[in-house]
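In: Please find the sequence and the predicted model below.
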Amino acid sequence: MALPVVNILMYHSVSNAEGPTSIAPEIFAKQMAAIAEAGVKVISLDDLLSAKAEKTTLPPQSIIITFDDGFKDFVETAWPVMDKFGFSPIVYVPTGWVAKSENWRGANDPARRLMNWAEIREMSDAGVSIGSHAVSHPDLTTLPDDALVAELRQSRKALEDRLGKPVPHFAPPYGLTTQDVRNKIAKEYKTSVGTRLGRASPDDDVFDLPRLEMFYFKDLNRWRDHLAQKGSLYLNRRRLLRRVRETVSKPWERA
């Protein structure tokens, strides 16, 4: 029997900004509408964990919607669309950048502003899951152990103190980890999503979950094909090209 397929979608900004970390609002709205039209269920990371523990079962295909960085356009543009369809996403927040404009390595130019704490709390109260994206948005693989653990713990504590609820989910900035980094993440969180391109299943390592970069699915016909589980050839081709790029450049060097 085939394992359930879980498409973990990766977004950053829903805006007309240039670059692969931005999706135009009209395209985003059509991507969300296509999910609703296809009847694919949107689930949470907690649902995935429950299925992995064999406490519940997943449908043959489902979707988890994730956003990295917590840009202000999430609350202004992305959330109203998802709320209309009844979709509950997760947003990964780098706590040291809350209410500021991005200025980490590889940041967009012009810089995009992040949500403030009141907006993050509003989204949490509305049913949006909030996860950690570390404190300073660093490459975790370059940090000494004490600094790495501080990034993991301090970001979670800041979110939990502000929101009054557990924060069990993490996304490493740039998707960069090593086995040692993942081991340390596992001591602080219950899941971690990366940038490895692919579909997930309950059998995957929950500290190295693959995602689908939605910049690759701006073509709505291609996205509909994927939802109909007809897009394996395209996804495999994109995965191969991505692996080649990853051997010659860092994430912040890619346009």
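Out: Here it is on my side, so go on. Residues are numbered from 1 along each chain as shown.

In: Test my guess that residue 67 contacts residue 12.
Out: Yes. Counting by Cβ atoms under 8 Å, residue 12 is a contact partner of residue 67 at 6.7 Å. (Each C-beta comes from the backbone N, C-alpha and C, glycine too.)

In: measure stretch 195-203 end to end?
Out: Taking Cα to Cα, to the nearest Å as the measure, stretch 195-203 stretches 18 Å from start to finish.

In: Centre of the chain to it, how far?
Out: Counting by Cα atoms, centre = their mean, to the nearest Å, stretch 195-203 is centred 12 Å from the centre of its parent chain.

In: Who are the packing partners of the longest helix along the chain?
Out: Assignment by DSSP state H gives helix 145-163 as the longest helix of the chain. If contacts are counted by 3 or more Cβ pairs under 8 Å, 6 or more residues apart in numbering; DSSP states H and E, helix 145-163 sits against helix 117-125, strand 129-132, helix 179-188.

In: Would you enumerate the residues in contact with residue 62?
Out: 4-7, 40-43, 47 (Cβ atoms under 8 Å, 6 or more residues apart in numbering).

In: how about it, secondary structure?
Out: What DSSP: H, G, I helix; E, B strand; the rest coil gives for residue 62 is strand.

In: quick thing: my sequence starts at 869, can you match it?
Out: In the new count, where the first residue is 869, that last one comes out as residue 930.

In: Report pLDDT for it.
Out: Here the pLDDT value assigned to residue 930 is 98.

In: try residue 1119
Out: Per-residue pLDDT puts residue 1119 at 81.

In: what's the burial count for it?
Out: With neighbours defined by other Cβ atoms under 10 Å, the count for residue 1119 comes to 16.

In: And it, how close does it get to residue 1005?
Out: From residue 1119 over to residue 1005 the distance is 11 Å, taken as Cβ to Cβ, to the nearest Å.

In: before we move on, back to that, using neighbour counts, trim the contacts of residue 930 to the buried set.
Out: Buried residues within the contacts of residue 930, defined by neighbour count using 16 or more other Cβ atoms under 10 Å: 872-875, 908, 910-911, 915.

In: want to try JSON lines for those residues, with secondary structure, pLDDT and distance to residue 1025 as columns?
Out: Formatted as JSON lines, the buried ones among the contacts of residue 930 follow (DSSP: H, G, I helix; E, B strand; the rest coil; pLDDT from 0 to 100; distance: Cβ to Cβ, whole Å):
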{"residue": "872", "secondary structure": "coil", "pLDDT": "92", "distance to residue 1025": "34"}
{"residue": "873", "secondary structure": "strand", "pLDDT": "94", "distance to residue 1025": "35"}
{"residue": "874", "secondary structure": "strand", "pLDDT": "97", "distance to residue 1025": "29"}
{"residue": "875", "secondary structure": "strand", "pLDDT": "97", "distance to residue 1025": "31"}
{"residue": "908", "secondary structure": "coil", "pLDDT": "98", "distance to residue 1025": "35"}
{"residue": "910", "secondary structure": "strand", "pLDDT": "98", "distance to residue 1025": "29"}
{"residue": "911", "secondary structure": "coil", "pLDDT": "98", "distance to residue 1025": "27"}
{"residue": "915", "secondary structure": "helix", "pLDDT": "96", "distance to residue 1025": "26"}
